[in-house]
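Undergrad: Dropping the sequence and predicted coords here.
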Number of protein chains: 2
Amino acid sequence: MTNMKDVAQEAGVSLGSVSNYLNEKKIRPDAEERIKNAIKKLHYVRNNAARDLRTNGSSYVVFVLPTVWTPYFSELTFWIQKELDHYGYKAILCLSENEYEQEKGFVDMAEEQRVAGIISVSYSNLTSHVHSDIPLVSIEKEDTGLFPLVSSDNYSGGEIAAAELKKRQADKFLFIGADHISSTAMTARKSGFVDYCNRNGMKYTIDKVPSTHHQEEFDIQIKKIVDNIAGSKYQYRNLGIFSYTDEVALSLYKELLRRNIKIPEEVQIVGFDGWKLSQDQQLSISSIRQPVKDIAVNAVKQLDKRVNRESTQDVPRIMLPVTFLQGDTTKTI
Amino acid sequence: MTNMKDVAQEAGVSLGSVSNYLNEKKIRPDAEERIKNAIKKLHYVRNNAARDLRTNGSSYVVFVLPTVWTPYFSELTFWIQKELDHYGYKAILCLSENEYEQEKGFVDMAEEQRVAGIISVSYSNLTSHVHSDIPLVSIEKEDTGLFPLVSSDNYSGGEIAAAELKKRQADKFLFIGADHISSTAMTARKSGFVDYCNRNGMKYTIDKVPSTHHQEEFDIQIKKIVDNIAGSKYQYRNLGIFSYTDEVALSLYKELLRRNIKIPEEVQIVGFDGWKLSQDQQLSISSIRQPVKDIAVNAVKQLDKRVNRESTQDVPRIMLPVTFLQGDTTKTI
DNA sequence: GTGAAAGCGCTAACAC
DNA sequence: GTGTTAGCGCTTTCAC
């Protein structure tokens, strides 16, 4: 591999001049010309590893999240990569599958690589493992107060779900949560929903489902819930369901259809996330849409600030507004 | 940041011994103990940038693909990351949005960073831009003969689609392709389908749709196709549709339902890809499923071989078998 | 503005 | 085995 020294020799200038040229500093025009030619002739490519070592810098950012194989995470990853790229960072993708040991491994790796920063969507308290002074920004979880947090406004999402169902003549309500996690996000969604119901005299019940990772148990529980709903022929009319996730909403939707319950005429469903299969295609579930791009934009902006030590004092908590997304599972009004 | 020299000093041994310890070479037991303690005490973390510079090595792999925001690509990315991680590589995620300039930028970056290798899903002839001797493995496209290629067996996928539709009493057939690309993958899917039809005396027609990126034109064309299908009340009975993508199949499915055409009783649809929304959830479209995990496993294995110069001679073309995935859009048999 | 030289943190060769 | 040392490719003084 040819290096700067070779280029300097070929161009008949000194090492320093080549470096200066590469870093866009003032250079004698004729020297510049000769250096340019030398670079082309020798197919020289600057070695960034050496540069980073010398400057003690890095343009890598580690992005840790459970998986990318979900509409929400794949969209988030898309925007995070775009934003990082825009700032000149390179994204190292780290998928933890929610395993703490994996997450720890990624953080250790980040330190060994002397990366510029870490962006994480962790449901454990990953951040407690970050010893060094690597800037970190957390998405959705981990409100330890030590690192900036970027999140959707989950509480207001719950309120909006309740309000939209009410607007559409639902007169009884059902919240479906998870029995396996008690994340702050889920709790906030539930609280928003429940509080709104209470404030407005709306009758509600609460149900829970296991993780979709335990597919069998999950399916059984979905069936059980739908059993209860379908139990009495008239009971379920005007039922409004809010599930803490589009994934659950979708399963519910399919099972209700299978029982010939009419959606949205008889039962309405609102999910959470606002899944889009791709940039051009959204799912048919009505949902509370997370501002995924905004989350990414803010996370990267916060990270960049900290990398450049612009704001090391304040630890912002950024809550982004969510919106109602009309799909096929709620009435049109 | 503390470095190896500090550790050596603290432990009362030489630089080289610390390096040897870190690289798991033989060391005097008591020295080992002292080094261990020194590392802990000083919170020493090895600087991999320096190491890479010295050894002229790297554990980064650049993964270039159009987007991650699609069920297929998100699944592929998931497995690629898992596999790379398994081999000890770190994945640099590069999303090109099919823009050649972006792809070129990523390759340049890869060279500057002296990465170990590149894995690419490129629909342009990216590889022609790779001057250096960085190992590259191509997925799905780019059969230049210069780099290993890993791909689904698209041709046989087309055949299988035709066969499965025939098995289910379809007696006329429709292939839906793209009017905006003429990728080898799409062409192969079509050829497989058409050849099978011809061999078996099956009547077929061919239609085309624009890119879903041009949503309006796309929707119009889908409507037009469905118009034609619905045109005559009896014409469409026992129609079997094979679309080159799940995405298109899904749009078609929705539009046909809107016209009250019964699926799968009257019209059957087979897509391509076998989209799973997530590890636990698949779409309801019947489809030709790509062996996504296998693709990733093989791509990374090939890359690793080339990184280790095990096989620099042969340039393998690996075709992986696809399978039929029964969903709700074909009859059960 | 330019060239010479020091040194970022590490590995690998070498003599002991 | 261990300590010493050269040097990976670059940036950054510092005199000139």
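TA: Structure's in. What do you need?
Undergrad: List, one by one, the residues from chain A near DNA strand D.
TA: For chain A, the contact set with DNA strand D under C-beta under 7 Å from any atom of the strand comprises A:1, A:3-5, A:15-16, A:19-20, A:22-23, A:46-47, A:50-51, A:53-55. From N, CA and C alone the C-beta is placed, and that goes for glycine too.
Undergrad: Keep these, but drop any that are not near chain B.
TA: Residues of the residues of chain A next to DNA strand D in contact with chain B (C-beta under 8 Å from any C-beta of the partner chain): A:Met1, A:Arg46, A:Asn47, A:Ala50, A:Leu53.
Undergrad: Tell me which of those fall in helices.
TA: A:Ala50, A:Leu53 (DSSP state H).
Undergrad: Make a PyMOL selection of the buried ones in the ones next to chain B among the residues of chain A next to DNA strand D.
TA: To isolate in PyMOL the members of those that are buried, counting by 16 or more other C-beta atoms under 10 Å in any protein chain shown, one can use:
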select buried, chain A and resi 46+47+50+53
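Undergrad: Test my guess that A:Ser243 contacts A:Gln268.
TA: No. Counting by C-beta atoms under 8 Å, A:Ser243 does not reach A:Gln268; the two are 11.5 Å apart.
Undergrad: out of those two, which sits in the busier spot?
TA: Taking neighbours as other C-beta atoms under 10 Å in any protein chain shown, A:Ser243 and A:Gln268 compare with A:Ser243 leading, 28 against 22.
Undergrad: quick one on the thing from earlier: what is the nearest of the ones next to chain B among the residues of chain A next to DNA strand D to DNA strand C?
TA: DNA strand C lies nearest to A:Leu53 out of these, by C-beta to the nearest atom of the strand, at 4.5 Å.
Undergrad: residues contacting the closest one?
TA: Counting by C-beta atoms under 8 Å, 6 or more residues apart in numbering or on different chains, A:Leu53 touches B:Asn47, B:Ala49, B:Ala50, B:Leu53.
Undergrad: residue contacts, A:Lys190?
TA: So A:Lys190 contacts A:Gly158, A:Phe175, A:Gly177, A:Ile206, A:Tyr244 (C-beta under 8 Å, 6+ apart).
Undergrad: cool, and A:Asn20?
TA: A:Asn20 sits next to A:Lys26, A:Ile27 when contact means C-beta under 8 Å, 6+ apart.
Undergrad: what's around A:Ile333, how many residues?
TA: Other residues within reach of A:Ile333, judged by other C-beta under 10 Å, total 8.
Undergrad: does it really touch A:Arg168, like I thought?
TA: Yes. In this structure, A:Ile333 is within contact of A:Arg168 by C-beta under 8 Å, at 6.0 Å.
Undergrad: What are the contacting residues of stretch A:211-220?
TA: A:Ala178, A:His180, A:Ile181, A:Val209, A:Pro210, A:Glu247, A:Val248, A:Ser251, B:Ser278, B:Gln279, B:Asp280, B:Gln281.
Undergrad: pLDDT weak spots in chain A?
TA: Along chain A, the parts satisfying pLDDT under 70 run over A:142, A:233-234, A:311.
Undergrad: residue ranges of the helices in it, please?
TA: Under the criterion DSSP H, helices of chain A are mapped to A:4-11, A:15-22, A:29-42, A:48-55, A:71-87, A:100-112, A:154-167, A:184-199, A:215-230, A:246-258, A:292-307.
Undergrad: Please produce CSV containing these, extended by distance to DNA strand C.
TA: Listed next are the helices of chain A as CSV, based on distance: least, C-beta to the nearest atom of the strand, whole Å:
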stretch, distance to DNA strand C
helix A:4-11, 7
helix A:15-22, 3
helix A:29-42, 4
helix A:48-55, 3
helix A:71-87, 24
helix A:100-112, 9
helix A:154-167, 42
helix A:184-199, 38
helix A:215-230, 44
helix A:246-258, 44
helix A:292-307, 18
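Undergrad: Any idea how many residues pack against the closest residue to chain B within chain A?
TA: Residue nearest to chain B within chain A (C-beta to the nearest C-beta): A:Ser74, separated by 3.6 Å. Residue neighbour count, defined by other C-beta under 10 Å, stands at 28 for A:Ser74.
Undergrad: same check, this time on A:Tyr100
TA: A:Tyr100 has 14 nearby residues by other C-beta under 10 Å.
Undergrad: any idea how far the residue found closest to it once you drop the neighbours it is linked to in the chain lies from B:Val322?
TA: Nearest residue to A:Tyr100, sequence neighbours excluded (C-beta to C-beta, 6 or more residues apart in numbering or on different chains): A:Ser124, at 4.8 Å. Note on A:Ser124: its distance to B:Val322, by C-beta to C-beta, to the nearest Å, is 38 Å.
Undergrad: In terms of neighbours, single out the busier of those two.
TA: B:Val322 (26 against 17).
Undergrad: contacting residues for that one?
TA: So B:Val322 contacts B:Ser152, B:Asp153, B:Asn154, B:Ser156, B:Gly157, B:Ile160, B:Gly274, B:Ile288, B:Arg289, B:Gln290, B:Pro291 (C-beta under 8 Å, 6+ apart).
Undergrad: what residues are up against the most centrally placed residue in chain A?
TA: In chain A, the centroid-proximal residue (C-alpha atoms, centre = their mean) is A:Leu76; its distance is 4.3 Å. Shown in contact with A:Leu76 (C-beta under 8 Å, 6+ apart): A:Leu65, A:Val121, A:Ile139, A:Val292, A:Ile295, A:Ala296.
Undergrad: Which segments of chain A make up each domain?
TA: Using automatic domain parsing, the domain parsing of chain A gives A:4-46, A:59-151+A:291-320, A:154-290.
Undergrad: how long is the shortest one end to end?
TA: Same thing as domain A:4-46. 8 Å (C-alpha to C-alpha, to the nearest Å).
Undergrad: Do I have it right that A:Ser148 meets A:Pro316?
TA: In this structure residue A:148 is Pro, not Ser. Yes. Counting by C-beta under 8 Å, A:Pro316 is a contact partner of A:Pro148 at 5.1 Å.
Undergrad: Touching both of those two, which residues are there?
TA: A:Gln302.
Undergrad: A:Gly16 - how many residues pack around it?
TA: By other C-beta under 10 Å, the residues close to A:Gly16 number 11.
Undergrad: And the residue of the stretch 151-300 of chain A closest to DNA strand D?
TA: Per C-beta to the nearest atom of the strand, A:Val300 is where the stretch 151-300 of chain A lies closest to DNA strand D, at 24.0 Å.
Undergrad: Run a quick neighbour tally on the residue lying closest to A:Ala31 once chain neighbours are set aside.
TA: Leaving aside its chain neighbours, A:Ala31 sits nearest to A:Val13 (5.2 Å; criterion: C-beta to C-beta, 6+ apart). Counted with other C-beta under 10 Å, the neighbours of A:Val13 add up to 21.
Undergrad: What does A:Val13 show for phi and psi?
TA: With angles defined as degrees, to the nearest 10, A:Val13 sits at phi -130, psi 180.
Undergrad: who does the spatially closest residue to A:Asp207 that is not a sequence neighbour bridge with?
TA: In space, and not counting its chain neighbours, A:Asp207 is closest to A:Ile176: 5.0 Å by C-beta to C-beta, 6+ apart. Bridge pairing for A:Ile176 (DSSP bridges) gives the partners A:Asp207, A:Ser243.
Undergrad: There's contact between A:Ile176 and A:Ile225 in this structure, I believe.
TA: Yes. The criterion here is C-beta under 8 Å, and A:Ile176 meets it with A:Ile225 at 7.1 Å.
Undergrad: quick one: common contacting residues for the two?
TA: The contact lists of A:Ile176 and A:Ile225 share A:Asp207, A:Val209, A:Leu252, where a contact means C-beta under 8 Å, 6+ apart.
Undergrad: so who does the first one touch?
TA: Remark: with contacts taken as C-beta under 8 Å, 6+ apart, A:Asp207 is in contact with A:Leu174, A:Phe175, A:Ile176, A:Gly177, A:Ile225.
Undergrad: Quick check: the gap between the last one and A:His43.
TA: Put plainly, it is A:Ile225. Relative to A:His43, and taking C-beta to C-beta, A:Ile225 is found at 64 Å.
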